[in-house]
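J.: please find the sequence and the predicted model below.
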Amino acid sequence: ILKNNTSGTLVYEEIHTVTTNSFGLVNLNIGEGSVVSGSFSTINWANDKYFLDVKLDPTGGTTYLPMGTSQLLSVPYALYAKLANTSSDGWKITGNTGTIPWVNFIGTIDNNDFDVRTNNTLKWRFTTNGTLEFLNTGNSVFIGESAGKNDDFSDNNNVFIGYTAGFSNTNGNYNIAIGSTALFANTTGYGNIGIGGDALRSNIAGYGNIGIGSEALRINIEGSENTAIGTAALHNNYSGNYNIAISNWSLYSNTEGYGNVAIGYKSLNYNTTGNLNVAIGAYALMSNINGCNNIAGGFQSLVLNKYGSNNTAYGYYSLYNDSTGSNNTAIGCQALFSNKTGINNTALGCNAFSSGNYNNSTAIGYNTNITASNQIRIGNNSITSIGGQVGWTTLSDLRFKKDVKENVPGLNFIMKLKPVTYYFDMDAIAKFTNTPDSMRLKDAEEIISKMLQTGFLAQDVEKVARECGFDFSGIDAPKNENDYYGLRYAVFVVPIVKAIQEQQGMITEQQKIINTQQEEIDQLKSDIQQLKQLMLKYSEQSTNK
């Protein structure tokens, strides 16, 4: 330590031998090394400027390299500041008595120490060496006007700092209140921490609460084991337990709800009695009032949900418009964006199931649309292949079927179908599904638009089925004005099989006829042969005569 300037007089020198942590860092307490020269305690911080000169030998030897010299501006001067209001022989006090709000104090006594008494009982002592001794039997600390005013020091380990902090406390133990009116009404609650103006102000008997931030847990009276960090976090909580609110206004309105977790600005802001919800992200589940078991992760996810329960939303704007829907799962930005009251839906992928308000439907993949309830859609209009190692399995168990009839038309239906080739009009599809250009995959669409397709036209198949009086399950007809036609090509196997059976029956009958005719032909051949032999015999006899 150098005096006056960077090349000034050396007043103190020490050596530290240390090992860095895994990040290459060390912490050194200046004044606690091995002294080489001078005395750290005798440095006159009050009258001169001082500079810290640091040298280092990374090998552990004594060949030191200069690391820089800088002026000491504040921290060491705390050693002087502790005596800033003292005279040369003790604390500087005008007269022998006075008042500090509600605490009487006595002047310099016993080696010029400064004693603080309440009701003539010695409580604190500020000593001339700068220490603060707590002499009450309860080991509590009260600093500030009327802080802990009603405490009789019979309770242990309370710290109340600030105007009227812990004002009403009588029997509560192990509480910490820092800030104006923090834990003001607490009487018997214990183990609470309130840091910030009005933090845990109304708490009376609640225990194990942590409120950090202005008005955090402001209204809490008897709720316990809550954690609120941020301005007005869990502000209105009255009796709810086990809640966690981190960020300003999170879980602000909660009164009795329990087991909720809100992390993010105004997350679960309006929740009052809803339980076991998790909201992570600004405005997540903001409007929820009494819905339960919801999970929202992402900016404004489930933001409008009020009463719905058992929803899961991950991704910004996911389940954004949901108000009363339940049992929905949305993973991906804007997934299930428009759902309001629909239940039992699943959307996986950015913008999946983003439009419509349906039930029990599933959309998997980016921008995959759902157009009716009880649908499952995999992939958007740009998908060119869907497959797997094995074929699709359809439930087909005799035990689950009733009113079974063999009335499927065969050739009459199949022969009227019109197999065609065609190209997809991708612009027409986008227009019908209201897909904005910004979400269309134009390169993939161009590939699909140039692919020659083979199949049937659903409207034609529907017409043929009606003509045959056939309620054909292979036609997926529109369920509403927003839905479109589709065909379940696998179901065509059934009428095709029936047609083959009918053809085979015809072939069998024809084969019987053919077999009969062949037998007749064979008999005729045999008869002819016999006739030929007879004629030959008669011819020979005639010649001999």
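T.: Yep, that arrived.
J.: tell me where this protein has helices.
T.: 78-81, 411-414, 426-432, 442-449, 458-467, 493-544 (DSSP state H).
J.: residue 475 touches residue 466, doesn't it?
T.: No - using Cβ atoms under 8 Å, residue 475 makes no contact with residue 466, being 10.0 Å away. (C-beta placed from N, C-alpha, C; glycine too.)
J.: so for the two, which residue has more residues nearby?
T.: Applying other Cβ atoms under 10 Å to residue 475 and residue 466 shows that residue 475 carries more neighbours, namely 19 against 11.
J.: okay, and the beta partners of the more buried one?
T.: According to DSSP bridges, the residues that bridge with residue 475 are residue 487.
J.: start at 648, not 1
T.: OK, 648 is where the count begins now, so the last one is residue 1122.
J.: give me the local confidence score for it.
T.: Looking at residue 1122, its pLDDT is 96.
J.: who are the contact partners of it?
T.: Shown in contact with residue 1122 (Cβ atoms under 8 Å, 6 or more residues apart in numbering): 1105, 1108-1109, 1112, 1132, 1134-1135.
J.: do the same with residue 699
T.: For residue 699, the contact set (Cβ under 8 Å, 6+ apart) comprises 648-649, 677, 716-719.
J.: packed most tightly, which of the helices of the chain would that be?
T.: helix 1058-1061 (a mean of 18; mean count of other Cβ atoms under 10 Å).
J.: quick one: list the elements packing against that one.
T.: helix 1140-1191 (3 or more Cβ pairs under 8 Å, 6 or more residues apart in numbering; DSSP states H and E).
J.: got the angle for the helix it packs on vs helix 1105-1114?
T.: On the basis of axes from the mean of the first three to the mean of the last three Cα atoms, to 10 degrees, helix 1140-1191 is oriented at 60 degrees to helix 1105-1114.
J.: in contact with residue 969, which residues?
T.: The neighbourhood of residue 969, defined by Cβ under 8 Å, 6+ apart, consists of 949, 951-952, 955, 958, 960, 975, 983, 986-989.
J.: run through the protein and note the low-pLDDT ranges.
T.: 721-785, 799-803, 1192 (pLDDT under 70).
J.: one more pass at 50, please.
T.: Scanning the chain for pLDDT under 50 picks out the ranges 727, 729-759, 764-767, 782, 784.
J.: tell me the centre residue of it?
T.: Nearest to the geometric centre of the chain sits residue 944, at 2.6 Å (Cα atoms, centre = their mean).
J.: and that residue, what are its bridge partners?
T.: Counting by DSSP bridges, the residues bridging with residue 944 are residue 927, residue 961.
J.: and of the contacts of residue 699, the nearest to residue 1059?
T.: Among the contacts of residue 699, residue 717 lies closest to residue 1059 (Cβ to Cβ), at 98.9 Å.
J.: mind listing the residues bridging to residue 993?
T.: For residue 993, the beta-bridge partners are residue 976, residue 1009 (DSSP bridges).
J.: how close does it sit to residue 719?
T.: For residue 993, the distance to residue 719 equals 64 Å [Cβ to Cβ, to the nearest Å].
J.: between the two, which is the more surrounded one?
T.: Between residue 993 and residue 719, residue 993 has the larger neighbour count (other Cβ under 10 Å), namely 21 against 16.
J.: OK, contacts around residue 1082?
T.: Per Cβ under 8 Å, 6+ apart, neighbours of residue 1082: 1014, 1016, 1028, 1076.
J.: these two touch, right, the third one and residue 1075?
T.: The one in question is residue 1028. No - shown here, residue 1028 and residue 1075 do not form a contact pair, counting by Cβ under 8 Å, at 10.5 Å.
J.: which stretches of the stretch 948-1097 of the chain form strands?
T.: For the stretch 948-1097 of the chain, applying DSSP state E, counting those that start in this stretch gives strands covering 959-961, 976-978, 993-995, 1009-1011, 1023-1025, 1067-1069.
J.: residue 657: which of the ones you listed is closest?
T.: Shortest distance between residue 657 and the strands of the stretch 948-1097 of the chain, using Cβ to Cβ, is found for strand 959-961: 62.5 Å.
J.: from the chain's centre, how far out does the closest one sit?
T.: When distances are taken as Cα atoms, centre = their mean, to the nearest Å, strand 959-961 is centred 7 Å away from the chain's centroid.
J.: for that strand, packing partners?
T.: Strand 959-961 is packed against strand 942-944, strand 976-978, with contacts defined by 3+ Cβ pairs under 8 Å, 6+ apart.
J.: let's have these in TSV, adding distance to residue 842.
T.: Output for the helices and strands packed on strand 959-961, formatted as TSV (distance: least, Cβ to Cβ, whole Å):
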stretch	distance to residue 842
strand 942-944	28
strand 976-978	37
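J.: for residue 1060, find the nearest of those.
T.: strand 976-978 (40.3 Å).
J.: pull the residues that contact that closest one.
T.: Strand 976-978 has contacts (Cβ under 8 Å, 6+ apart) with 948, 958-962, 965-966, 983, 986, 992-996, 999-1000.
J.: go again with 6 Å.
T.: Outside strand 976-978, the residues that touch it by Cβ atoms under 6 Å, 6 or more residues apart in numbering are 959-961, 965-966, 983, 993-995.
J.: and which of those residues is nearest residue 708?
T.: Closest to residue 708 out of the contacts of strand 976-978 is residue 961 (56.8 Å), distances taken as Cβ to Cβ.
J.: quick one: residues contacting the closest one.
T.: Contacts of residue 961 (Cβ under 6 Å, 6+ apart): 944-945, 978.
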